[in-house]
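**Student:** predicted model and sequence follow; I will ask about them next.
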Amino acid sequence: DAKTTQPPSMDCAEGRAANLPCNHSTISGNEYVYWYRQIHSQGPQYIIHGLKNNETNEMASLIITEDRKSSTLILPHATLRDTAVYYCIVRVAAGSARQLTFGSGTQLTVLP
Amino acid sequence: EAQVTQNPRYLITVTGKKLTVTCSQNMNHEYMSWYRQDPGLGLRQIYYSMNVEVTDKGDVPEGYKVSRKEKRNFPLILESPSPNQTSLYFCASSLSFGWYEKLFFGSGTQLSVL
């Protein structure tokens, strides 16, 4: 699976958009980008995933650059409950039973 | 409600005393997995199971056993726990392993081995 690089921490004002970057310069053509988050000591929670097109769901938007070497997770209106560690992961969709490898992630703190 | 249930939430034990952490999912998922989480090391996979009676090692399987006799249950067994197995453990499941699955995680088990 491709290696990802994320900033260790970020702050965001409540109500503003939180933009979390992720570099995955060695990503292969068949590797998906996944985002999960973990609120303190709880089980990680799936947020969104994508291959090469931008994706949006009820939680967030995922912007993947055209060369697929980086992506940005956008929380459009951050709330205090969005304070969590956010993990960017890339993996092959099929054929790998080992599932996801979680790195260190980005600690997002939403400030009142 | 769709969920992955782990028990117990907290467990304190002594070195060498066998223990089992239970994990159950109610979503008819084929794939189940155990992770441990330690400060600075992220989540590391211990064992996984692609279906009933099919299990395999993850990245850190030493000192652990698992079984998958029923689709819904995937217990983690520590035959002779040691202090280096003190950690936060998570069970997870997904519909299968071959497509863009979401992993559903349990609430975690904080284990302390004295």
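**Tutor:** Nice, I can see it.
**Student:** thought A:Gln38 was touching A:Asp82?
**Tutor:** No. Applying CB atoms under 8 Å as the test, A:Gln38 and A:Asp82 come out as separate, 11.9 Å apart. Every C-beta, even on glycine, is put in place using the N, C-alpha and C of the backbone.
**Student:** output the lowest mean pLDDT helix or strand found in chain A.
**Tutor:** Least confident helix or strand, chain A: strand A:84-92 with a mean of 87, by mean pLDDT, DSSP states H and E.
**Student:** return the set of buried residues in that strand.
**Tutor:** A:84-91 (16 or more other CB atoms under 10 Å in any protein chain shown).
**Student:** closest to chain B out of the residues you listed?
**Tutor:** Distance ranking of the buried residues of strand A:84-92 against chain B, using CB to the nearest CB, places A:Tyr87 first at 7.9 Å.
**Student:** now that closest one: closest residue in space, sequence neighbours ignored.
**Tutor:** A:Gly105 (4.2 Å; CB to CB, 6 or more residues apart in numbering or on different chains).
**Student:** now A:Trp35
**Tutor:** A:Ile47 (4.3 Å).
**Student:** can you pull the phi/psi pair for the one you found?
**Tutor:** phi -110, psi -60 (degrees, to the nearest 10).
**Student:** repeat that for A:Thr4.
**Tutor:** Per degrees, to the nearest 10, the backbone of A:Thr4 is at phi -120, psi 150.
**Student:** what's the burial count for the residue nearest to B:Leu114 when sequence neighbours are not counted?
**Tutor:** What sits nearest to B:Leu114 in space, not counting adjacent residues and going by CB to CB, 6+ apart, is B:Val14, at 5.2 Å. By the criterion of other CB atoms under 10 Å in any protein chain shown, B:Val14 has 11 neighbours.
**Student:** also the one 10 residues further on?
**Tutor:** The local packing of B:Ser24 (other CB under 10 Å) involves 18 other residues.
**Student:** equivalent analysis for the one 5 residues further on, please.
**Tutor:** Other residues within reach of B:His29, judged by other CB under 10 Å, total 21.
**Student:** residue of chain B nearest chain A, please.
**Tutor:** Using CB to the nearest CB, the closest approach of chain B to chain A is made by B:Phe105 at 2.9 Å.
**Student:** list the residues that contact that residue.
**Tutor:** By CB atoms under 8 Å, 6 or more residues apart in numbering or on different chains, the residues touching B:Phe105 are A:43-45, B:4, B:90-92.
**Student:** tell me the bridge partners for it.
**Tutor:** For B:Phe105, the beta-bridge partners under DSSP bridges are B:Ala92.
**Student:** in terms of pLDDT, where does it sit?
**Tutor:** We have a pLDDT of 94 for B:Phe105.
**Student:** equivalent analysis for the one 4 residues further on, please.
**Tutor:** In the predicted model, B:Thr109 carries a pLDDT score of 97.
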